[in-house]
Structure formats: structure tokens, C-alpha cells
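>>> give me the fold of what follows.
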Amino acid sequence: MAHQHSSQPRLSPSGYEDDIRAVLAPRLAYFEAVARHEHVTRAAHELGVPQSTLSRAMVRLEQDLGVALFSRKGRTVSLTPAGRTFLGSAERALAEVEKAADSVRADADPTAGKVAFGFLHTMGSETVPALIRAFRVDHPRVRFQLVQNYGEAMIERLRAGGLDLCLTSPVPDAPDLVTRRLDEQRLRLVVPEDHRLATRRRIRLAEAADETFVTLEPGYGLRRITDDLCTEAGFVPRVAFEGEEAETLRGLVAAGLGVALLPPPAVARPGVVELTVTAPRAAREIGVAWLDGHPDTPPVAAFKKFLLSRRGNLLPD
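Residues are numbered from 1 along each chain as shown. I've put the predicted structure just below:
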């Protein structure tokens, strides 16, 4: 069926995807309703738009595609073969949009929504389970997407929109983030049980200057803290092994492969002795971070308020 040519250029297979989406997306629901009713007036009534607006939209859609989608007899229409092909894809696209809308509405539900929460590996065995258990006393249906990683990776994921909140250390200082210090965790010098220092209870870190260290890889917050504390104690640590997880480092220490500065374990590990470091003061700050200006859903806002209420009482005794 012939139509008057639009003053706007038609889309072509070589057109940019952004242009195609801008032209097609607003009209898919219109097209689907007309195709389903096979009648422009009834479709316009369902959509709540003037019949003339809907008719013009369908003509423009065909012009932009360069394909006839309907055969017309008055206000009654029927799909052409091209129209039937286009309808199948349009229905799938609209179903995906509806599915996405249902998903984001569910995630934002005040009573049963979702919180994407990141935290350090060392907080996964005790701290985070205890926090979630306490939070769910008053919010039993809130769901959590839990992500364990090192600090820099979590901040990257936070900026990319993959996390709502994260517990990290050191507490980051960046203009696009809001951070709050929540607690402090003492670090210990962990040595093999047969080590020359194993009979001690306390130690100045400078006394370990000649030791071989096992540490987390560069980029981990605990690695940066270890390097800074050793520098403050007057030496550069001689690193023999680098890992990704604190308990793996404890295993390396137990095997006699070095010493390490680590937070307390969830469960005491045989084969090692943990010494209190008296100088310099060996501790790491634990804080929560979120994107500045990022709007919170009700479940995220509730969990954020809960975390801030635990300031000074975040870590298990």
C-alpha cells in the first residue's frame, strides 16, 4: 500500500542501533495493540490515545521501516507477512520490558526487596552472617545479593551499579563516594608455632624486620596496610608469597613459609601463634561506602540505617 514519503530519512540496515531504538521503541506498544485488535479505533481506545494519533504513528512506523506492516480496509487492518514477522519480535521485546519492570519493582519493594551488598572476604564467616541475621529480625523478607571481594574491586563494582553498599577497609576517600567509619579491627602478627617468636605474647613489629612475610596481593587493602605498618616500623617487608585470602595466608604461615599481619580468625587455626603488635599500633578501619547522590530503594535505605546504627559494634566479640 503506497504512502506519502516522509521528510525524514528512512531507517536502513546500515543505520545506527541507537537511531533504530529511538524510532521503534516508543511505537512497539502501539503496533502490538493495533495488530492484536486488527482495528485502529479499538486499539486507540485501549491505549487511551486519539485514533488519529495512532493512525499517524503506524504510517510513520511503516515509512521508517520502509515496509508495509498492515493491509487496510477502513479502520480495520490485517497484518502483512512482514507485519506478522515484526509482531513476533515486538511481542518478545515488550514481554522483556514488562519482565524488567516487574523485576525492578520487586527489588524496590519495602518489605521484600533486594540489597546488593559487598564485603571483604575476612568478614564473610562471622560478621556479615551476624549482621544479616540481626537485620532480618525486623525485615524478614528482604533479599540479599552478597558479593565477596577485595576493596578496590568492590568500589569498581559499586561505581558500575552492581552494588548498593559495601563494607571495606581501608575506608576509601573519593569525591564520588559517601563513606562512614563503623569499627576498628586489631591486626596480629601470625607466626608458625615452632617459630623463635612463638613463645611471646606481644611484639614490636620492628622485631620482625628480618622475617619473610606472606601477604595479600597488591591492590588489597590489607596489603596496603601491611606495607604502611612495616614502613612505619622502619623496614620494607621481604615478601615470599602473595595470596588472595587471609585463611590461605594462615595456612602458609602454619607450613613455616613466613609470617603475616592478619585480622583475628573466625576459628583458631592449629599450627600458628598470634601475637599482639604493640608498636606501631596495628589496626584497620572498617567502613561502609555507597555512591554519592545514588537514590536508595526502601530496603537499601533500611539496611544502610541499620549498618550505621552498628557503629562501634560491627564486629563480633
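>>> and stretch 98-109, C-alpha only, in PDB?
Coordinates of each C-alpha in stretch 98-109 appear next as PDB, following Å, rounded to 0.1, in the frame of the first residue of the first chain:
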ATOM      1  CA  GLU A  98       7.400  -6.000  31.300                       C
ATOM      2  CA  LYS A  99       9.700  -8.600  32.900                       C
ATOM      3  CA  ALA A 100      12.300  -6.000  33.600                       C
ATOM      4  CA  ALA A 101       9.700  -3.600  35.100                       C
ATOM      5  CA  ASP A 102       8.400  -6.400  37.400                       C
ATOM      6  CA  SER A 103      12.000  -7.200  38.500                       C
ATOM      7  CA  VAL A 104      13.000  -3.600  39.500                       C
ATOM      8  CA  ARG A 105       9.600  -3.100  41.200                       C
ATOM      9  CA  ALA A 106      10.200  -6.300  43.200                       C
ATOM     10  CA  ASP A 107      13.800  -5.300  44.100                       C
ATOM     11  CA  ALA A 108      12.500  -2.000  45.400                       C
ATOM     12  CA  ASP A 109       9.600  -3.500  47.400                       C
END
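>>> which residues are in contact with it?
Contacting residues not belonging to stretch 98-109 are listed as 112-114, 297-299 [CB atoms under 8 Å, 6 or more residues apart in numbering]. Backbone N, C-alpha and C define where each C-beta goes, glycine included.
>>> ok, of those residues, which come out buried?
Those of the contacts of stretch 98-109 that meet the buried threshold are 113-114, 297, 299, by 16 or more other CB atoms under 10 Å.
>>> what's the farthest-apart pair in these?
By the measure CB to CB, 114 and 297 form the most distant pair in the buried ones among the contacts of stretch 98-109, at 8.0 Å.
>>> doesn't residue 236 fall inside a helix?
No: Residue 236: not assigned to a helix; according to DSSP: H, G, I helix; E, B strand; the rest coil it is coil.
>>> quick check: phi and psi at the nearest residue to it once chain neighbours are set aside.
Excluding the flanking residues, the one nearest residue 236 by CB to CB, 6 or more residues apart in numbering is residue 230, at 6.4 Å. Reported as degrees, to the nearest 10, the phi and psi values for residue 230 are phi -60, psi -40.
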